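In: Next comes the sequence, and after it the predicted model I'd like to discuss.
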Amino acid sequence: MMLEKAILAIITMDKSKVDGGAPIFICGTKKELELIAASLEAITDGIAHALSDELFIIVKH
Amino acid sequence: MNEYTYAIIFGVVIGTITRIIMLRTDYRQYPTYLHGKIIHVSLGFIAASLGSLIVPAIMEKEYTAVTLLTVAATQFRDVRNMERNTLNEIDGYELVSRGKTYIEGIAISFESRNYLVIFTAFIATLIFILGNVFLAVIAAIICIVIAKVLMSGSTLKDIVDIEYQEVHFEGAGLYVDNIYIMNIGLPERQKEILKYGMGFILVPKNMNEINTIANLGQRQAILHDVSVSLGVFKDSGTPALTPLIKRDLDDGRLGVFVLPQVRDIEKAKKIIGSVPVLESAIKMPSKSSTHNS
C-alpha cells in the first residue's frame, strides 16, 4: 500500500502530550522548536504544521 | 501534370497554412520550441494532402480511396497519444504541474486541429475544381475563420468573477478570504507567504460553473498558467511554498493562493481570466431533466 501522507517527525516541548511511532524531538524553548522544525522541514522535504504552540509535526504530502 | 495538379497543390498549401495559423494561437501553452512546431506543421501538411487528394479520387470514381481517411484517423489519434505522452513525461519536472486534465485538453485539440486541416483542404480543393481559384480562395478564408472560431473555447473570465484578496493567517492556518488553504507552522515560512503570496477569489456565475471550476484538473490548470506567466516563488524541496486552490463548500467559490514572482494584481487577474475552460472539466447540470423538474 502506498501512503499518500505520513507524519515524519514530531517536535514538541511537552513530552507528556505525544507518543507513538514517529521520531519525537523534545525541545526546551519555542525558538529551539522552530529551529528544529525548520531544519527537519528542509531535510525531509516535508511541511511543518503547527498543531499548537508547542507541538509541530512534519508531514510528507 | 494533369487537370487536378493545381487544385491539389492549392488545397495542400491552404491546409498547411491553416495548421500554421492554429499553431500560433497556443504559443503560451505548447509547443514553444522549434522542433515541436516542425512536427505539427509536417503532420498538418500530411493532413492537408489527405484532404485534397480525396476530391480528385471521388471525381475519378475511385471511391475506395476514401478508406485512406481511416488511416488518417488512426494517424491523428496517434498524434493525441504522442502529445499526451510527451506532456505527461515532462509534467513531473514542472515546478507547478499542468495536471492530467489540462494535458488531455491540449492533446485533444492537437488531434482535432488536424481534422480541421483535412476539412479545409478538402473544401478548398473541391471549390477549386468545381469553380475557380477566386472562389476557392474565398472558401478557404471562410474555412480558416470557422476553424479559428471553433478552436477558441471559452476562458475563465466568461464563467467567473475574479477578486483580489490579501492572504492572511489565523494561528497557523492560511486563509484567502474565509477559505482555508493549509497549515503553515513555521513563522519564517508564514512571513515569506505573507510577503510573496497573493490570494484571489473566483466567484462562479451560475450552477454549471460551480461544478466546472470545482474540477481538480481545472484548478491545477489555473495554478500552472499563473505560475508559468508570472513565475513562482518555489523550489524543489519546499513543499510549504506550493500554490493551492481550495473551495468554499457553502457556495462553490474558489480560493486561489499563488506565489508569483511578478506581483502585479491586474496582470494576475488577466492571466487567471484567460485560463482556458477545459473541455473535460465542463459540467452542465442545468441540461439534466431532473435538475430542471
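Out: Thanks, I have the structure now. Numbering: from 1, shown residues only, chains lettered A, B, ... in the order given.

In: where do the strands sit along the chain?
Out: Picked chain A for this. A:6-12, A:24-26, A:47-52, A:55-60 (DSSP state E).

In: my question was about chain B
Out: B:160-165, B:167-170, B:173-176, B:179-183, B:198-204, B:244-247, B:254-258.

In: How about the residues of the stretch 51-200 of chain B by chain A?
Out: Residues of the stretch 51-200 of chain B found near chain A, taking Cβ under 8 Å from any Cβ of the partner chain as the criterion, are B:Gly171, B:Ala172, B:Met182, B:Asn183, B:Ile184, B:Gly185, B:Leu186, B:Pro187, B:Glu188, B:Arg189. Where you see a C-beta, it was placed from the backbone N, CA and C, and this is true even at glycine.

In: got the contact list for residue 41?
Out: All of this refers to chain A. With contact taken as Cβ atoms under 8 Å, 6 or more residues apart in numbering or on different chains, A:Glu41 is in contact with A:Ile47, A:Ala48, A:Ile58, B:Leu186, B:Arg189, B:Ala240.

In: let's do chain B instead
Out: B:Val41 makes contact with B:Thr16, B:Arg19, B:Ile20, B:Leu23, according to Cβ under 8 Å, 6+ apart.

In: Pull up the residues of chain A that are close to chain B.
Out: A:34, A:37-38, A:41-42, A:45-50, A:56-57, A:61.

In: how about low-confidence regions in chain B?
Out: Counting by pLDDT under 70, the ranges of chain B that qualify are B:24-33, B:293.

In: Helices along that one, start to end?
Out: B:5-25, B:34-59, B:68-91, B:100-130, B:133-151, B:156-159, B:187-196, B:207-214, B:216-230, B:265-273, B:289-292 (DSSP state H).

In: mind giving me JSON lines with these and columns for distance to B:Val258?
Out: Compiled in JSON lines, the helices of chain B are given as follows (distance: least, Cβ to Cβ, whole Å):
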{"stretch": "helix B:5-25", "distance to B:Val258": "25"}
{"stretch": "helix B:34-59", "distance to B:Val258": "27"}
{"stretch": "helix B:68-91", "distance to B:Val258": "19"}
{"stretch": "helix B:100-130", "distance to B:Val258": "16"}
{"stretch": "helix B:133-151", "distance to B:Val258": "28"}
{"stretch": "helix B:156-159", "distance to B:Val258": "14"}
{"stretch": "helix B:187-196", "distance to B:Val258": "9"}
{"stretch": "helix B:207-214", "distance to B:Val258": "15"}
{"stretch": "helix B:216-230", "distance to B:Val258": "5"}
{"stretch": "helix B:265-273", "distance to B:Val258": "7"}
{"stretch": "helix B:289-292", "distance to B:Val258": "33"}
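
In: Please identify the deepest-packed of these.
Out: Ranked by mean neighbour count, the helices of chain B are led by helix B:100-130 with a mean of 23 (mean count of other Cβ atoms under 10 Å in any protein chain shown).

In: now the angle between helix B:133-151 and that one, please.
Out: Put simply, helix B:100-130 runs at 170 degrees to helix B:133-151, going by axes from the mean of the first three to the mean of the last three Cα atoms, to 10 degrees.

In: Between helix B:216-230 and helix B:100-130, find me the angle.
Out: Going by the same axes, to 10 degrees, helix B:100-130 makes 80 degrees with helix B:216-230.

In: List the residues that contact the nearest residue to A:Leu33 once chain neighbours are set aside.
Out: The shortest distance from A:Leu33 to any non-neighbouring residue, by Cβ to Cβ, 6 or more residues apart in numbering or on different chains, is to A:Cys27 (4.2 Å). Residues near A:Cys27 by Cβ under 8 Å, 6+ apart: A:Ile11, A:Thr12, A:Met13, A:Leu33, A:Ile36.
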